[in-house]
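In: whatever this is, show me its structure:
(chains A, B, C, D and E, ligands or ions: 5)
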Amino acid sequence: MSSSWRKEISALFVKEVQSELRGRSGLLNSLLFSLVTVVAVSLATFGHSISATFAAGMIWVALLFASSVALPRCFTLEEEQGTGDLLRLLARPHAVFWGKALYNLLLIFLVALVLGGLFLALVEIRGDRPVIPWLFLLSLLGAAGALAGAVTLCGALVAQAANRATLAGTISLPLLLPVLFLGVNGTRAGLGDGVLETGLTASIGLLCYGVASLAIGPYLFAAVWKH
Amino acid sequence: MSSSWRKEISALFVKEVQSELRGRSGLLNSLLFSLVTVVAVSLATFGHSISATFAAGMIWVALLFASSVALPRCFTLEEEQGTGDLLRLLARPHAVFWGKALYNLLLIFLVALVLGGLFLALVEIRGDRPVIPWLFLLSLLGAAGALAGAVTLCGALVAQAANRATLAGTISLPLLLPVLFLGVNGTRAGLGDGVLETGLTASIGLLCYGVASLAIGPYLFAAVWKH
Amino acid sequence: MLGAEGLGKRYGPRWLFRDLRFTLERGDSLIVAGENGSGKSTLLKLLAGLVSPSEGTISLPTGDARTSLGYSALDLNVYPHLTAIEHLLLASRLRGCEPQVQPLLERVSLTRAANQRIGEFSTGMRARLKLAIAIQAAPKALLLDEPSASLDQAGRELAEEIIKDQRERGACVIATNDKAEWRLGTHVLELA
Amino acid sequence: MLGAEGLGKRYGPRWLFRDLRFTLERGDSLIVAGENGSGKSTLLKLLAGLVSPSEGTISLPTGDARTSLGYSALDLNVYPHLTAIEHLLLASRLRGCEPQVQPLLERVSLTRAANQRIGEFSTGMRARLKLAIAIQAAPKALLLDEPSASLDQAGRELAEEIIKDQRERGACVIATNDKAEWRLGTHVLELA
Amino acid sequence: MGGATAWGFTAPPAKGFPRPDLARIIFFHLPCAIGSTLFLTFAAYASLRYLLDKKGDWDVRASSAMEMGLVLSILTLLTGMLFARVQWGAWWDWQEVRMTSFLLVFLIVAAYFALRSSFGDRTKGAQVSAIYVMAALLPCFLLIFVAPRLPQFQSLHPDVIGKGGFDPTYNSIFLSTLTLVVIGCVWIYRLRVRAGKLEIDLENLSAKLADRNRPSAPRVVEPVPLSPER
Ligand code: HEM
Ligand SMILES: Nc1ncnc2c1ncn2[C@@H]1O[C@H](COP(=O)(O)OP(=O)(O)OP(=O)(O)O)[C@@H](O)[C@H]1O
Ligand SMILES: Nc1ncnc2c1ncn2[C@@H]1O[C@H](COP(=O)(O)OP(=O)(O)OP(=O)(O)O)[C@@H](O)[C@H]1O
Ligand SMILES: [Mg+2]
Ligand SMILES: [Mg+2]
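Out: Numbering: from 1, shown residues only, chains lettered A, B, ... in the order given. Ligands and ions are numbered 1, 2, ... in the order given. Got it, this is the predicted structure:
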């Protein structure tokens, strides 16, 4: 990646973070947000020792929530504020996609980390095997990557296809479902259920999905971004 | 309620529905979110049946998340589009609150119905008794009422902040979690676990909470709406 | 009819203006002038009740502010997904006044675009729609913030006519950056 | 330098304009005039690449459009939660040009508000910031849509100066509703 | 405070706790819990007053009270967790309603500051957060008073007062730490309110100064002569 691309992408990323972290304690807000998300999920499982598979499902529900909060930051906000044109004038589509995807990656990964840590510490997880930390972490990283890619792309489609909402919906569903399928499998293996190899394959599949969607995303995006 | 209030509220309600149908994708996004959630849960519980209590917890978490993403949008959008001032000029605050809250009520009730239906269809639920449809429905209605009132108010509070998306989650989730304490009891009774009377009381309590927050909401709202 | 008494507004430590006092009667038209950022729009928003004063009081025409005040400004936005007709209907239902859709649209020459979504309007067409909404309820006081910005020749004449009509019905406050518009006023208030 | 060949744009069945052709050289300044809704802004957006033409072609100055074109319009929005400085920095990093924050802010007289969020700017201040962003990279072609709307006397003089400077550097296209601005152009294109 | 702590150590180990000698932490745990509830309630009152008369003072009181509430609820959680560690052997237990529900109270209070700090404009932030407190009061009370007593949740939490109270030494030590904690907090609270008010005064003062430096443009409203074109 040439330095000009790096500069552009980081400028856009910084812009997203600045808008989010405005105010005296922006970072605190984001942390509190992840904490609240986690508590909401843990409450539903409170008291019971739960199976690793189920824990994986819960973690994924929370991750989906975090991504659907990140979603509007992507592109719908630009169109609603009317700042989309400014961005179109100033930035190349690839940089725009990457800047937004990185921001989404950060938010989802933050939630994933807080969530994963707290789940391990606080919820009694009953798996066939003990927890495999690196696999768990790997699956969370893969999750953040894949979700960020998928969500950014969906966001772009939804924003552009403003009056074709159903179309956007039908597009984003097939994008998200494989992520979910791979993700739950990877995470549950990390937490100690299921076959380890399947989990590893799933996590790696997830990472690949993330990398692929982040690699193809910009091209698809470029096609819808400029009218 | 005098006819002028009715006319104002219905005018605002119609406006929300019109905008939604012409390309605001709030409803679609939250339906998508609940669908994906159900898929996540059914993947996580694949082959196993889950207890009615768990199912109720999951439904509630999904509803909480869906509502804290979708419902605040009715106010944040006004500020993003810059149409807040127009509304302030034309409408009385109580009418605004009611119009938006009604629309949100409808939205979240639809989401609750879809979510509940999908859960019943896709996840194998194991309860002490068979499912009691009317109680289940009643508890969902109560849920919609309680969530709509509180989240609409929260949306009005965060509308002008830079980090409104995460902030809406941060402030509305803790306020709603006590509601979850109540609500889960109703839903699980509806799904066939726990004592029926407790469930009925809980659902009615929930409805009362909803009615109360819809009744007090406008007064609190009036204080932020006009500067 | 419309007045201010010791009116002041500040943001943080900075006062935009202080100790403003004026009373407008029927037939009066007040021009608010001043540099960019001097507080013209803020004064109009104060009068419209969109911003609260830091000190002083405002006296409004009797009656519900939603019908007795009309307000149109360059930075007031309308709903991009609704049409012109839907805007007028929404406004009339909310204020409880006659919709008068056809006459108003004709007056601001928008009949052809009546069923177009506002998101597809040009800036001038949007300005016309905002004028139509502002005068829909025949307000006693009309507040116009840069009425002629983005209007073409015919539009400027229309705005002038609307102001003249307004002065027969009540008072008018016009914030403007254009000296040529001073002729529309009977009084001038220059903010520094 | 900047030109159009058989350019046409239509929305649905309605043609806004067809078969436009012009070539602007250094020193040229084209005034685009016409009624509200006649397609002035659409033409500028076509030239800026924000809207795609229905027929015909556009020839742009050589080089990356992000630095060789400057565009500022009444209906272009800026980020309400960023400050003026942050906007200029963002723009310069994206275009890979010198930020020139201080000189630009001084030129458009925004030094005092440099660290204020744009959401707190007045319309005129926002117009000034947009001008600053448009000329930041010393573009070969400058597209201004209603440059003087919402600017005060000093601001209008500033806009005039910017246009004069631009004509020394390249070409300029100005869409306007104000006949008084015709004197800023060397050519006039009237859309019907 | 120190004296009371020392006194606390002379108290006999309490009956009915798994580790009776370490039960003395109750002397701080409970006052903190009570104190945070009191400050929360007062904050709601102050917010109501602020909404009614729009005086900056009441906003300062409300936010200071919320700050105290935040600190005290953190202390309650910490002493509680310590308590849980020594008595039950685990730092946290989701099954224990009181713990969970108080955690939610803490989150609600923390969210207040998240909300407040998200507004650059002081009055906007004040209004919004005042309304938030009003809206949060009911859920907080539900969490503190109602949720722990619902029959369907089993609570490991001792309900000593409900079951006839401590023995007399406990009562007196407890009462004295309670008064000490409350007095201490009120003292800190008043300092905080003074500081907050001074901050506002400072801003007003600089507004006055700024005003003095302004060229006092006489804002006379003058009739304009109609221009020749007309
Ligand atoms: C983080 C964990 C904890 C939290 C958040 C917490 C919270 C509270 C609260 C809010 C109260 C006041 C109840 C009221 O006013 O009705 C209270 C009372 C009390 N707590 Fe805790 N607590 C925790 C852990 C513990 C533990 C582990 C013990 C001891 C085993 C304990 C012992 C007590 C006692 C003895 C009382 C007085 C109860 C009464 O008679 O009302 N707490 N706690
Ligand atoms: N997306 C769109 N879909 C359909 N019609 C559109 C769309 N965008 C613009 N139009 C129409 O194109 C016409 C020209 O709009 P444009 O903004 O270019 O006008 P303009 O000449 O700049 O007018 P003004 O002086 O008011 O700024 C208008 O009639 C408008 O209704
Ligand atoms: N919410 C706010 N917070 C802080 N300052 C503000 C806020 N809103 C406006 N201002 C400041 O108040 C001043 C006056 O703004 P206003 O919009 O009234 O100016 P104006 O006279 O209408 O200017 P213009 O001719 O550019 O429209 C500006 O300097 C602006 O920066
Ligand atoms: Mg203004
Ligand atoms: Mg235009």
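In: list the contacts of the residue of chain A found nearest ligand 1.
Out: Of all residues in chain A, residue A:122 sits closest to ligand 1, at 12.3 Å by C-beta to the nearest ligand atom. C-beta: built from backbone N, CA, C; applies to glycine. Residue A:122 sits next to A:42, E:92, E:94 when contact means C-beta atoms under 8 Å, 6 or more residues apart in numbering or on different chains.
In: tell me which entries of those lie within helices.
Out: Secondary structure from DSSP state H places residue A:42 of these in helices.
In: got a winner among the contacts of residue A:122 for most neighbours?
Out: residue A:42 (20 neighbours; other C-beta atoms under 10 Å in any protein chain shown).
In: residue C:19: how many residues sit nearby?
Out: Using other C-beta under 10 Å, residue C:19 has 15 neighbouring residues.
In: confirm that it sits in a helix.
Out: No: Residue C:19 sits outside any helix when classified using DSSP: H, G, I helix; E, B strand; the rest coil, being strand.
In: surely it and residue C:56 touch.
Out: Yes: at 7.5 Å, residue C:19 counts as touching residue C:56 under the criterion of C-beta atoms under 8 Å.
In: anything in contact with each of these two?
Out: Contact criterion C-beta under 8 Å, 6+ apart; residues shared by residue C:19 and residue C:56: C:6-8.
In: still on that earlier bit, ok, so of the contacts of residue A:122, who is nearest chain B?
Out: Distance to chain B, by C-beta to the nearest C-beta, is smallest for residue A:42 among these, at 9.8 Å.
In: list the contacts for the closest one?
Out: Counting by C-beta under 8 Å, 6+ apart, residue A:42 has contacts A:118-119, A:122-123, E:94.
In: of all those, which comes closest to ligand 3?
Out: Distance to ligand 3, by C-beta to the nearest ligand atom, is smallest for residue A:118 among the contacts of residue A:42, at 38.8 Å.
In: tally of neighbours for that closest one?
Out: Using other C-beta under 10 Å as the criterion, the residues surrounding residue A:118 number 17.
In: that one contacts residue A:36, correct?
Out: No: contact status for residue A:118 versus residue A:36: not in contact, 11.5 Å apart, counting by C-beta under 8 Å.
In: rewinding a little: JSON lines for the contacts of residue A:42, including secondary structure?
Out: Formatted as JSON lines, those follow (three-state DSSP):
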{"residue": "A:118", "secondary structure": "helix"}
{"residue": "A:119", "secondary structure": "helix"}
{"residue": "A:122", "secondary structure": "helix"}
{"residue": "A:123", "secondary structure": "coil"}
{"residue": "E:94", "secondary structure": "coil"}
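In: would you turn those residues into a markdown table with distance to residue C:89 and pLDDT?
Out: Converted to a markdown table, these look like this (distance: C-beta to C-beta, whole Å; pLDDT from 0 to 100):
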| residue | distance to residue C:89 | pLDDT |
| --- | --- | --- |
| A:118 | 51 | 77 |
| A:119 | 52 | 75 |
| A:122 | 54 | 70 |
| A:123 | 54 | 70 |
| E:94 | 53 | 70 |
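In: with distance to residue A:103 as extra columns, can I get these in CSV?
Out: As requested, the contacts of residue A:42 are exported to CSV (distance: C-beta to C-beta, whole Å):
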residue, distance to residue A:103
A:118, 23
A:119, 24
A:122, 28
A:123, 29
E:94, 33
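In: what packs against the biggest helix by length in chain E?
Out: Counting residues, the longest helix found in chain E (DSSP H) is helix E:168-213. Packed against helix E:168-213 by the contact rule (3 or more C-beta pairs under 8 Å, 6 or more residues apart in numbering or on different chains; DSSP states H and E) you find strand C:14-24, helix E:2-10, helix E:26-53, helix E:56-88.
In: so what's residue 197 scoring on pLDDT?
Out: Because you didn't say which chain, this covers chain A. With respect to pLDDT, residue A:197 has a value of 85.
In: the chain in question should be chain E.
Out: 91.
In: quick one: it and residue E:59 touch, right?
Out: No: contact criterion C-beta under 8 Å: residue E:197 and residue E:59 do not qualify, at 10.2 Å.
In: in terms of neighbours, single out the busier of those two.
Out: residue E:59 (25 against 15).
In: now residue C:179. Nearest residue, chain neighbours left out?
Out: Using C-beta to C-beta, 6 or more residues apart in numbering or on different chains and skipping the chain neighbours, the partner closest in space to residue C:179 is residue D:153 (7.1 Å).
In: for stretch C:170-188, C-alpha coordinates in CSV please.
Out: In CSV, the C-alpha atoms belonging to stretch C:170-188 read as follows (Å, rounded to 0.1, in the frame of the first residue of the first chain):
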residue,chain,number,x,y,z
GLY,C,170,-49.3,42.2,10.5
ALA,C,171,-45.6,42.5,11.1
CYS,C,172,-42.6,41.2,9.3
VAL,C,173,-38.9,40.6,10.3
ILE,C,174,-36.4,40.0,7.6
ALA,C,175,-32.8,39.0,8.2
THR,C,176,-30.6,39.7,5.2
ASN,C,177,-27.1,40.1,4.0
ASP,C,178,-28.1,42.0,0.9
LYS,C,179,-28.3,45.8,1.2
ALA,C,180,-30.6,45.8,-1.8
GLU,C,181,-33.3,44.2,0.5
TRP,C,182,-33.3,47.1,2.9
ARG,C,183,-35.9,48.7,0.9
LEU,C,184,-38.3,46.1,2.0
GLY,C,185,-38.2,47.4,5.6
THR,C,186,-39.6,50.2,7.6
HIS,C,187,-37.0,49.8,10.3
VAL,C,188,-33.4,48.6,10.4
